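Novice: I need the structure of the sequence given here:
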Amino acid sequence: MARKTTSGGTRVMPHEAFEAAKFGGLVSRAQSLVLRTRKASALFLERELSVSYAMARRVLDRLERNGIVGPQKDRLSREVLKPKDYFSARKDLALPKKHTGRPTRAEQLLPAAKKAILQHRRASIGFLEEQFQISVTVAMQILELLEREGFVGPTVKRRPRPILAGGTTDIASGRPSKVQKLLQRARQLVLGSQKATIPYLRRQLHIGRRTAREILNILEQEGLVGPASRGGKREILERTTGSKKLRATETPNSFDLVRVERMITALGEENNLARILRALIDDSMELADLKAQLRKLAQK
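Specialist: Numbering: from 1, shown residues only. The predicted structure follows:
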């Protein structure tokens, strides 16, 4: 039975109320996403919101009724009718209201949000929504406050906000985190193999899914890889190394990094040759020292 009727009329069942609230949350997230990126197609929302194509079309229809996007024309992306600063122009939606003594919800969550952003290396509306079970409005307010403090940078196209404070250090000890230690190897693996996926980094670096995702998010902020596609793959982008531009088809070394990694794994990290190879790909050994070590190894 879908609904219960009472003498006062029809009452919505709890499950239906939950589904309605869930759909409303999707609409709010989609509205923010469309205004920020100026993209309004079902395929785009399907990928960005991780929903079905049918649900993405439902969301677009609701945005059309709300006056955010125009009607569907052929298979083209819908026109975005509202300006990019639509939210910021409405103080009730974008920024915390002035208060007399009592902090807003966004201000209360600010310390916890900073800690979560530093720990997970993510600074987006969707991340804060999931982390603290808050609305899009509160998540936007938190990011606005963090941007004012210089903790995060502004939104640029579809990329996550750059994290300007904290670095990749362990919050408790202040020492370089596990992610920081793996970053250089991850950069070289990605450029050498032209692969930038979570499963690939997990296999090559022997790490968990969460650490691999964190590494890829940092590489995206650095401009080395693009955002994840629907299948989880990322485009390898051009980056600058010193005065030389390094394209995706080039590698920082003249040998196959993937094969070297496999050789190190086969030899074992404690093997002398494996240690030399590891030092070479980590750029922690000069060429002259490398030759000397190889000569010593050959004499044994």
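
Novice: residues near Pro103, how many?
Specialist: 11 (other C-beta atoms under 10 Å). To be clear about C-beta, it is placed using only N, CA and C from the backbone, and glycine gets the same treatment.

Novice: Three-state assignment for it, please.
Specialist: Per DSSP: H, G, I helix; E, B strand; the rest coil, the secondary structure class of Pro103 is coil.

Novice: Need the mean per-residue confidence for the helix or strand where Glu46 lies.
Specialist: Using DSSP states H and E, the element containing Glu46 is helix 42-49. Averaged over helix 42-49, pLDDT sits at 82.

Novice: which strands and helices sit next to that helix?
Specialist: helix 14-37, helix 53-65 (3 or more C-beta pairs under 8 Å, 6 or more residues apart in numbering; DSSP states H and E).

Novice: Show me which residues of that helix are buried.
Specialist: Residues of helix 42-49 classed as buried under the neighbour-count rule (16 or more other C-beta atoms under 10 Å) are Ala42, Phe44, Leu45, Glu46, Arg47, Glu48, Leu49.

Novice: which one among those gets closest to Ile236?
Specialist: Here the nearest of the buried residues of helix 42-49 to Ile236, counting by C-beta to C-beta, is Arg47; it sits at 19.0 Å.

Novice: Skipping adjacent residues, who's closest to the closest one in space?
Specialist: Arg230 (4.6 Å; C-beta to C-beta, 6 or more residues apart in numbering).

Novice: so where's the stretch 151-300 of the chain uncertain?
Specialist: 155-160, 164-180, 238-262, 269, 278-295, 297-300 (pLDDT under 70).

Novice: What ranges does it have for its strands?
Specialist: 239-241, 244-246 (DSSP state E, counting those that start in this stretch).

Novice: Between helix 53-65 and the helix holding Glu46, find me the angle.
Specialist: 100 degrees (axes from the mean of the first three to the mean of the last three C-alpha atoms, to 10 degrees).
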